[in-house]
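**Student:** Below is the sequence, then the predicted model.
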Amino acid sequence: MTFRIGPRTSQIIFYVILLTMTAIVVIVLFFIIFYVLRNGVDQLTLEFLSDKTREMGKEGGILPSILGTLFITVVATVIATPLGVGSAVYLVEYTRAGPIRRIISFGADCLAGVPSIIFGLFGFIFFVISMNLGWSILSGGLTLAVMILPTIIRTSEEAIKSVPHTYREISYSLGGGKLDTILRVVIPTALPGILTGVILGIGRAVGETAAVIFTAGSSLGLPTSIFSSTRTLAVHFYILAREGISMPKAYGTAAVLIIIILAINFIAYRLMHRFIARYY
Amino acid sequence: MSKISIKRLSLYYDSCQALKDISLDVESGEILAVIGPANSGKSSLLRALNRLYEIDRASIEGDIRLDNESIFRLPINVLRRRIGIIFATPVVLPGSIRKNISYGPRLHRKLSKSDVDELVERALKSANLWDEVKERLAESASFLSGGQQQRLCIARTLAMRPEVIMMDEPCSGLDPISTAKIEATMLELKKEYTFILVTNNTKQAARVSDRTAFFYLGELIEIGSTQRLFTSPVDRRTDDYIRGKFG
Amino acid sequence: MKDKIAEKLLLFIALSAIISLMLITFFIFQQGIPLIFKAGLGNFLSLKWAPTRGGFGILSMVVGSLMVTAGALAVGIPFGLAAAIFLAEFSSKAIQKTLKPIIELLAGIPSVVYGFIGIVILVPFIRETFGGPGFSVLAASIILGIMILPTIVSISYDALLAVPNTYREGSYAVGATKWQTVVLLLLPAARSGIVAGIILGMGRAIGETMAVIMIAGNALKIPGSILDSVRTLTSTIALELGYAAGDHRGALFACGSILFLIIIVLNIIAIRITSRK
Ligand SMILES: Nc1ncnc2c1ncn2[C@@H]1O[C@H](COP(=O)(O)OP(=O)(O)OP(=O)(O)O)[C@@H](O)[C@H]1O
Ligand SMILES: [Mg+2]
């Protein structure tokens, strides 16, 4: 007995397969988030967040890592934002299709694809050793700055491109120069989009491990200056989990990380939407 | 001496010539209407006068003089302050009404808060918009109606105290009442400013202008007093156009 | 005048990305290449990795990297493409608007969290179901496959959306069903974008470090089955950089150079493909 599948049936089968696979992807994502949060929220006491880390993380809280993450991220953002936004402004406002634009774009695209362990190696040999900055907040921040640069460039570039051309025309027709126009019209208008890029960059920096563990080290002391070695949340979590120091503390740290990442993505998403609603 | 004097002006975009050997004068204190079918080069003419064509990467031949001085010798920001332009679609910049109006003046000098207050009020009054918006100067300009936005654009240009105001089909998207308000504004301001009005609406040209120039495919076909041009045009094409035979 | 200075300054800033890339290339190669010459190609491509005793063979790690990457693609491509097709062709605007950011959120989750989920859920599951240590090629492939999903989905999705609607209409007009249209027309038309997405995903997988260290077991031999432990180039670097010195460190940078070379080649291919249009 032969059995032929009609076009309608095959259509339905096809649809169901796609739907199931997509559903699996979404379920996996929610499962990861849910699982980490469910096992970690019990740990999230004020004490856990504000206490020093004791006995390698078996006891105490995660204050040093919270501060370390904060400082490194601030350094990275403060350095990468002007470079990224400046690059984007130059790409959109000063170049036309041609070799210069191609080179700059190529640099950003390639850098975006470089894996974090390579940034780790580079930061280690360049910032930590050659520039003699040691394992420090500064070395880690500089390394992460290079890493998040392409994210900021690309997102800002899109935002600046979407500023209506007529705005620039108005500014010129009122006697504004190019720089006036960029500073007073283009950047303020593109600001939500630019901020989205910066926030996404911050998200990448906060979650990063391989690039910071070899540049900022893993010291558990409270950072005292930009030259202190420090241990970020992601690194702390990695060490807790991999060395099996304390599962409850590992879940707690993971929950903090996930909450920060969710908040960052949510803010970026909202900003982007406000921006899109306004200009598309 | 004419306010603006254009000598043998040609303008080229990458591939096409948009203006062909135009010579014409604009007299101080007049309203000169520029009419013509689509693609006749009307907008290009305005963009040549304040050198806005430069951002389109167009190129130019011939000379344009403002008060007998070549505009190519003037610093570009000075030129654009002296010759203002209003576009067909009103474009308000993001930000408040107040910010929109003070944008131009702020580019050129430091202004105290009271300077800005004064300048905003004067510009809005001249543009016949003050009464409608005086309560909400700090609100976003994008909530104004289309007609109000266009008058805001006029106020924004007036705030720079230009000498010449060019308008490119300023009423094309507006209702008759808003149009009437803008025309009234022009007639009031005529004492202090010189106007060049590009319009698709021959009736509007007839209502407000002193002289009219007819452009066709980049050429200046005919120019003369509005009354004469509309009653007894010399050229066939002018006649056809004002009788509406061009579609 | 002000404008001229600003332009020069901005040009300088704009070169920061390419300058960084050049610095990275220079330092990685400068630290790694001499060791390859010193050890000799025969030693470098051998199986013996004992860097403190003159053994610099990276073969098992290269094979390990390739295996987990192939595994990741085997997981990531079908699911990634399915989700992209579902989103682009079978979803309403509202569903697209909800699902796209959700899938992009997958990219935001730190790799250590993926590794952790691998340790606490996937590894025990594999150990109990299939036997073996659990820390394995299979575990690494599944986790990496999930990690590269967002890259594959979002680039393939954009490529599918970029196919003009007239194609679809033309196909329906001759009586094709939706899925015939997808398979026979849209996938071929969006091919280059999809391939670029896969290549970038491949770069992600081959370069991923922390998650792999946590779940691959890291044994220094070529795995005999997908249930065996495996060690990649990236894990070797991360596991040993902390204490390596002298030639050992050079050898780790040599691993980095090989990895970097692979990544740059993949990137250039992907950039070529996407910018051809
Ligand atoms: N930025 C540009 N680049 C290339 N060509 C242009 C550009 N702007 C205008 N042109 C061309 O120049 C010619 C004159 O255009 P222009 O806009 O001056 O006409 P117009 O009389 O203002 O027409 P309309 O009544 O439609 O506004 C047209 O052929 C047009 O295609
Ligand atoms: Mg026009």
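**Tutor:** That came in fine, so what should we check first? Numbering: from 1, shown residues only, chains lettered A, B, ... in the order given. Ligands and ions are numbered 1, 2, ... in the order given.

**Student:** who in chain B is up against ligand 1?
**Tutor:** Along chain B, the residues adjacent to ligand 1 under the rule C-beta under 6 Å from any ligand atom are B:13-14, B:16, B:18, B:36, B:38-44, B:56. In short, each C-beta sits where N, CA and C put it, glycine included.

**Student:** I'd like to know which of those are part of strands.
**Tutor:** Among the residues of chain B next to ligand 1, the members falling in strands (DSSP state E) are residue B:18.

**Student:** Among the residues of chain B next to ligand 1, which one sits closest to chain C?
**Tutor:** When those are compared for distance to chain C (C-beta to the nearest C-beta), residue B:56 comes out closest, at 18.4 Å.

**Student:** got a list of what that closest one touches?
**Tutor:** Counting by C-beta atoms under 8 Å, 6 or more residues apart in numbering or on different chains, residue B:56 touches B:13, B:47.

**Student:** Need the max-distance pair from the residues of chain B next to ligand 1.
**Tutor:** B:14 and B:36 (22.1 Å; C-beta to C-beta).

**Student:** pretty sure residue C:131 contacts residue C:227?
**Tutor:** Yes: counting by C-beta atoms under 8 Å, residue C:131 touches residue C:227, with 6.8 Å between them.

**Student:** Give me the more crowded residue out of these two.
**Tutor:** In this view residue C:131 and residue C:227 are compared by other C-beta atoms under 10 Å in any protein chain shown, and residue C:227 has more residues nearby, 18 against 9.

**Student:** any idea how chain A splits into domains?
**Tutor:** Domains of chain A are assigned by automatic domain parsing as A:7-43, A:46-279.

**Student:** So for chain C, which of the ones you listed sits nearest?
**Tutor:** Of all these, it is domain A:46-279 that lies closest to chain C, at 2.4 Å by C-beta to the nearest C-beta.

**Student:** Residue B:78: what's it in contact with?
**Tutor:** So residue B:78 contacts residue A:175 (C-beta under 8 Å, 6+ apart).

**Student:** What strand or helix carries it?
**Tutor:** helix B:76-82 (DSSP states H and E).

**Student:** Buried ones in that helix, by neighbour count?
**Tutor:** By 16 or more other C-beta atoms under 10 Å in any protein chain shown, the buried positions in helix B:76-82 come out as B:76-77, B:79-82.

**Student:** now do stretch C:253-261
**Tutor:** C:253-260.

**Student:** residue contacts, the closest residue to residue B:94 other than its chain neighbours?
**Tutor:** Excluding its sequence neighbours, the residue lying closest to residue B:94 (C-beta to C-beta, 6 or more residues apart in numbering or on different chains) is residue A:189, at 5.3 Å. Each residue near residue A:189 by C-beta under 8 Å, 6+ apart is listed here: A:163, A:167, B:93-94.

**Student:** Please convert the buried members of those residues into PyMOL selection syntax.
**Tutor:** Filtering the contacts of residue A:189 down to the buried ones (16+ other C-beta under 10 Å) takes a single PyMOL command:
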select buried, (chain A and resi 163+167) or (chain B and resi 93+94)
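
**Student:** farthest pair in the contacts of residue A:189?
**Tutor:** Once C-beta to C-beta is applied, these give A:163 and B:93 as the farthest pair, at 10.6 Å.

**Student:** how about residue C:197, what does it touch?
**Tutor:** C:80, C:151-156, C:159.

**Student:** Let me know the closest of these to residue A:174.
**Tutor:** Of all the contacts of residue C:197, residue A:174 sits closest to residue C:154, with 40.2 Å by C-beta to C-beta.

**Student:** And the strands in chain C, which stretches?
**Tutor:** C:49-50, C:55-56.

**Student:** Pick the most deeply packed of these.
**Tutor:** strand C:55-56 (a mean of 19; mean count of other C-beta atoms under 10 Å in any protein chain shown).

**Student:** and residue C:194, what pLDDT?
**Tutor:** Listed pLDDT for residue C:194 reads 94.

**Student:** about what we covered before: just the contacts of residue A:189 now: which is nearest residue C:233?
**Tutor:** Nearest to residue C:233 among the contacts of residue A:189, with distances taken as C-beta to C-beta, is residue A:163, at 43.3 Å.

**Student:** ok, and the closest non-adjacent residue to the closest one?
**Tutor:** Using C-beta to C-beta, 6+ apart and skipping residues adjacent in sequence, the residue nearest residue A:163 is residue A:189, 4.7 Å away.

**Student:** That neighbour looks like it's in a strand, true?
**Tutor:** No: Residue A:189: not assigned to a strand; according to DSSP: H, G, I helix; E, B strand; the rest coil it is helix.

**Student:** That one and residue A:82, how far apart?
**Tutor:** When C-beta to C-beta, to the nearest Å is applied, the distance between residue A:189 and residue A:82 equals 18 Å.

**Student:** Not counting its neighbours along the chain, what's nearest the residue in the stretch 151-277 of chain C positioned nearest to chain A?
**Tutor:** Across the stretch 151-277 of chain C, the shortest distance to chain A (C-beta to the nearest C-beta) belongs to residue C:207, at 2.4 Å. Nearest residue to residue C:207, sequence neighbours excluded (C-beta to C-beta, 6+ apart): residue A:115, at 2.4 Å.

**Student:** what's the burial count for that neighbour?
**Tutor:** Residue A:115 has 24 neighbouring residues, counting by other C-beta under 10 Å.

**Student:** Could you measure from it over to residue A:215?
**Tutor:** 15 Å.

**Student:** what bridges to residue B:140?
**Tutor:** Residue B:140 has the following beta-bridge partners by DSSP bridges: residue B:96.

**Student:** how close does it sit to residue B:32?
**Tutor:** Counting by C-beta to C-beta, the gap from residue B:140 to residue B:32 is 35 Å.

**Student:** Who has more neighbours out of those two?
**Tutor:** residue B:32 (25 against 14).

**Student:** What helix or strand is the more buried one located in?
**Tutor:** Going by DSSP H and E, residue B:32 is part of strand B:31-35.

**Student:** Now name the helix or strand holding residue 230.
**Tutor:** Since you didn't name a chain, this refers to chain A. Applying DSSP H and E, one finds residue A:230 in no helix or strand.

**Student:** my bad, the chain I had in mind was chain B
**Tutor:** Judged by DSSP H and E, residue B:230 forms part of helix B:226-231.

**Student:** returning to that earlier point: now for residue A:163 and residue B:93: what residues contact both?
**Tutor:** A:185, A:189.

**Student:** Show me the shaky parts of the chain.
**Tutor:** No chain was given, so I picked chain A. A:1-5, A:277-280 (pLDDT under 70).

**Student:** I was after chain C.
**Tutor:** For chain C (pLDDT under 70), the answer is C:276-277.
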